[in-house]
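Engineer: coords below, sequence missing:
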């Protein structure tokens, strides 16, 4: 089972006729999807770094020298993929009725004393990368931390040259921020 | 001394068979120790025929029930399902329908085996067993399981089970899934895997009991007869299949079907996802302070966190963890570890194992870590609690898990499988129907809402009901015969949407006018625990749908409006000014409407909201936007403020058109606005951290965080780490 890159391009762009989309949904899945997916995305970005894994509508984990960083298609970089990229984004927190009602008017408005709708923008291009709706005070969610080495090594059968330890490194960022705060207090 | 002979294979007891099968699984990693499924592989055509015959019998059985039953839930909505099980209670195949019960039905059978029914109660050919107690297994007390053993000669070789959602189980008013009930007895009539018939006949004493205990005993008994007829039909067909294929083939091939599906499921996980860690959270709101509860400590509002972590492991296994879930409470919304499996079943069947081969094997590669004891998902006191509605927070959990799976599909390139779900809430009633009979009254409209956007197109309008892939709320005209109400609205609500490059499906708000009831009480019914905190279902820049609403609208002068043939409310319109537009009073009932007297002409509104949009809304194709405008699926306010598209109406062509240059400018301006409004996360973090240090949160949230911290050291550690709080910090 395999589809042409043209069909897949149209599929991702929402241009494929519904009967074809339905067929792709219902039939057994195509084994070469990931390879073609990455090729299509690589052709679309203006920068040369190799895409290891897509991470969203605009974000990718790319190989940059020996590092693996999260990069927007505009070129902005967010740092190591094991640190939550959201911490390197711009945030706009809808935390009162006025800001919430810009999107959710009247009856549709969440309770501002309980709910915060956080929007994360790319500092490079202003794309809206993620909307996060959580109870006020909930730590920013690290939506997806892919185990890239396990994927390439054990599922694709072609390990990446320099394997990295699979771990969440986000707290290193917040620890550093906390240190800055404590120093400021002193 | 001679040992008594068991009813299982080779004179073993069912318990011995179950223990042996589990030992073999532990030792080999393969279901029932089947390391080589040779029967199905050596003659795949025969194997396919075998499976098709089983499936056909289950689907035919389901249709049989629909023909016999009198309940609109069965006849119209088809809220039922049949499954075939091994002697040990493992699912071999499942009919079409409400797939949530694959494992739950089997857990009832396993419970009987573990409780030594074989010796102490007796299991004979032609026995009918019934259960609807979520303490044993199930999603809520309204789901009734009818089970029938299948004997071949003197050996029990399997079970067939039917599940039907009942419209009345004799619970406290309003009687189906009542909100004010918090104690077990208020759930109504419960059966704990009890025998209600033998020799293929329903016991008369059972019928007498139902006739006395239930307002809708006729419906309940017809449902039993429908289920029993279906079970017998399947049993007889299975005997024909055994006759044709041979008993040895049947026993081996049914086990191989489970093992093959286990392997296929692992292969699908490896083919369609990316290994790694995926996370989100479901906040569950339980506003009980105003409810007329009998057990007074239950009169309090609480919110509980249900963090969800899904780990996809390299061997193709999935582990689900609820570390950080808050404490149980005195309400009917506590889950159970068994009920969590209901969600696992439906989620995997809808997005991974949708080829009709779903069975226990679909679930074997998945591990659900047991939620902490005394948490919301595992209360030790479950036997004392009402269990009319454990599914309220659980449906939110399952919708969120689908969302997480959707992220994994998207990363791998299978964007067409990316979507999510949310559930809803609304009204149920008790009182006199239009024929003058007092009974519980509920229609299916609250199950109507839009699923989240797909990764390659908009979500299906009005096509989202988590519990079943076959969404059908039935004919309005039938419901109007069944409940003293008239449906006023059949329009998709543009404001139910989750915005995005691809938008969610839209929902039709249920607006019913009460008609010809002499006395009626309305009350909340919920399939969600999300109210003031909207679910975190926005995908890759899309927004989650907004708040859902339960309202009571009371006209000031309905007879005069009708006399003058003035239009009545038939759509909700802009959510900011409904209260100004409606010629009467508008009561916002919140998530759990308190019991309220309802009168002739009152409008009961259950306005669902949808799952999440996908992608940045300002990247939505303007052609999709004008198409939505032409079809009345979006409004000028949304087009201008959310999608940033400039449109005008072409009077000649009778359609909307896009001003492309103005749209480009609007969208550029929106990006600039974002860059100006957005602040570095560190700046926001420092400010909020100080707020936490000052404990300046709503008291409900403070209690919510305290509850999770009490339940989990890991949650507490991560919370402190994220906010760089002192090691002894508490809220």
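Structural biologist: Received, thanks. Values in this document were obtained by computation on a predicted structure and should not be read as measured data. Numbering: from 1, shown residues only, chains lettered A, B, ... in the order given.

Engineer: how much space between residue B:83 and chain A?
Structural biologist: 23 Å (C-beta to the nearest C-beta, to the nearest Å). Every residue, glycine included, has its C-beta placed from N, CA and C.

Engineer: go through stretch B:225-245 and flag the buried ones.
Structural biologist: B:225-235, B:237-238, B:241-242, B:245 (16 or more other C-beta atoms under 10 Å in any protein chain shown).

Engineer: next, the one residue in chain A that gets nearest to chain B: secondary structure please.
Structural biologist: Taking C-beta to the nearest C-beta, chain B has its nearest neighbour within chain A at residue A:178, 2.5 Å off. Under DSSP: H, G, I helix; E, B strand; the rest coil, residue A:178 falls in the helix class.

Engineer: and stretch A:104-123, how far out from the chain middle?
Structural biologist: Offset of stretch A:104-123 from its chain centre (C-alpha atoms, centre = their mean, to the nearest Å): 20 Å.

Engineer: could you pull out the strands in the stretch 401-550 of chain B for me?
Structural biologist: B:425-432, B:438-441, B:485-487, B:510-514, B:520-526, B:549-555 (DSSP state E, counting those that start in this stretch).

Engineer: contacting residues around the third one?
Structural biologist: For strand B:485-487, contacts defined as C-beta atoms under 8 Å, 6 or more residues apart in numbering or on different chains pick out B:443, B:445, B:476, B:479-480, B:510-515, B:604.

Engineer: next: the second one.
Structural biologist: Contacts of strand B:438-441 with the rest of the structure, by C-beta under 8 Å, 6+ apart, involve B:167-168, B:171, B:173-176, B:215-216, B:428-433, B:482-484, B:519-520.

Engineer: now, the residues you listed that are in helices?
Structural biologist: Judged by DSSP state H, the contacts of strand B:438-441 include residue B:482 as members of helices.

Engineer: any of the contacts of strand B:438-441 buried? List them.
Structural biologist: In the contacts of strand B:438-441, burial by neighbour count holds for B:167-168, B:171, B:173-176, B:215-216, B:428-433, B:482-484, B:520, counting by 16+ other C-beta under 10 Å.

Engineer: pretty sure residue A:58 contacts residue A:75?
Structural biologist: No - counting by C-beta atoms under 8 Å, residue A:58 stays clear of residue A:75, with 10.8 Å between them.

Engineer: who has more neighbours out of those two?
Structural biologist: The neighbour comparison of residue A:58 against residue A:75 (other C-beta atoms under 10 Å in any protein chain shown) goes to residue A:58, with 23 against 13.

Engineer: from residue B:234, how far out is the more buried one?
Structural biologist: From residue A:58 across to residue B:234, the span is 52 Å (C-beta to C-beta, to the nearest Å).

Engineer: for residue B:161, give me its contacts.
Structural biologist: So residue B:161 contacts B:82-83, B:85, B:105-106, B:108-109, B:145-148, B:231 (C-beta under 8 Å, 6+ apart).

Engineer: so which residues on the stretch 451-600 of chain B come close to chain A?
Structural biologist: B:455-457, B:495, B:499, B:501-502, B:531-538, B:540-544, B:546-547, B:549, B:551, B:574-578, B:588 (C-beta under 8 Å from any C-beta of the partner chain).

Engineer: was I right about residue B:413 contacting residue A:37?
Structural biologist: Yes - Residue B:413 is in contact with residue A:37 according to C-beta under 8 Å; the separation is 3.2 Å.

Engineer: joint contacts of the two?
Structural biologist: With C-beta under 8 Å, 6+ apart as the test, residue B:413 and residue A:37 both reach A:8, A:54.

Engineer: leaving out sequence neighbours, find the closest residue to the residue of chain B found nearest chain A.
Structural biologist: Across chain B, the shortest distance to chain A (C-beta to the nearest C-beta) belongs to residue B:724, at 2.5 Å. Distance criterion C-beta to C-beta, 6 or more residues apart in numbering or on different chains; nearest residue to residue B:724, sequence neighbours excluded, is residue A:178 at 2.5 Å.
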